[in-house]
Structure formats: C-alpha cells, structure tokens
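# my questions are about this predicted structure, shown below with the sequence.
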Amino acid sequence: MEEFMIDINNQHFCNNDEYTNCMKITKSTCTESFTKAIRLCIAQKDTDSLAPSPVCITNNYIKYAKVKDTIAKSCEHISADIAAKVIPKYMPNKALNSDAAQKTRSAH
C-alpha cells in the first residue's frame, strides 16, 4: 500500500506543474515530502484502519515540504480538483470517497 500511495501522489500532485508552481516547491521536494508523510502516517495508523488518515498525510506533507499555511490555502482549489479526479478512480467505495475528499479539501 505504501508504494502505491506514494506513486499515486507523485503522479497526480508532484507531476502537476500547476500544483507545484502554486505550492512554490520543486517536484523533488514534493516527492520527498509525500514519501516521508505517507510512511510516517502508515506507521502511526490504527491497526483497525485500512489506510492512513488523509489529514495526517496532508499535515505532515506540508510540514516536510516547508510550505507556509497561506500558500497551501491559496492552492486548495488545485488540490481539491486533483483529489476529486483521483479519489473516485483509486477509492471506488463511495462512502470513503466523500469522507476522504472532504478531509482532503479541509486539510489543504
């Protein structure tokens, strides 16, 4: 699951020039930050949970990327658009989609 999540985030966020330009980070910083955040959140997730919290990933990602909250907030619309396209494709369970999308939007 770890490598899958890292690949998905890299593919849809870090390879998106509009997103990285808005966040004022390089592709490399994006990739490294998502990797660290995902690994940390997987290690910390409840044993009952199938996946780590999107809020955990987002918060740690922003911390590792050293993105200011004001910049992250100004890029929310891009993050939400990416999440809206990615979540239904990789998380077909509709109940999880709306919950994860809402958490993603509120965390960015």
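Ah, there it is. Numbering: from 1, shown residues only.

# just the helices in the chain please.
2-9, 17-23, 27-44, 54-65, 69-74, 76-90, 94-107 (DSSP state H).

# buried residues in the longest one?
Pointing back at helix 27-44 there. 29-31, 33-42 (16 or more other CB atoms under 10 Å). Just so you know, the C-beta spots here come from the backbone N, C-alpha and C atoms, and that holds for glycine as well.

# possible to save those as TSV with pLDDT and distance to N16?
Output for the buried residues of helix 27-44, formatted as TSV (pLDDT from 0 to 100; distance: CB to CB, whole Å):
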residue	pLDDT	distance to N16
T29	97	14
C30	97	9
T31	97	12
S33	97	14
F34	95	12
T35	96	17
K36	97	19
A37	96	17
I38	94	17
R39	95	22
L40	96	23
C41	94	21
I42	92	23
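
# for those, which one is nearest A65?
S33 (3.9 Å; CB to CB).

# how much space between the closest one and L50?
Noted for S33: a distance of 23 Å to L50, by CB to CB, to the nearest Å.

# please apply the same query to S74.
From S74 to L50 the distance is 32 Å (CB to CB).

# look at these two and report which has more neighbours.
Using other CB atoms under 10 Å, the more surrounded residue of S74 and L50 is S74, with 14 against 9.

# pretty sure the more buried one contacts C22?
Yes - assessed by CB atoms under 8 Å, S74 is found in contact with C22 at 6.9 Å.

# brilliant, that's me finished.
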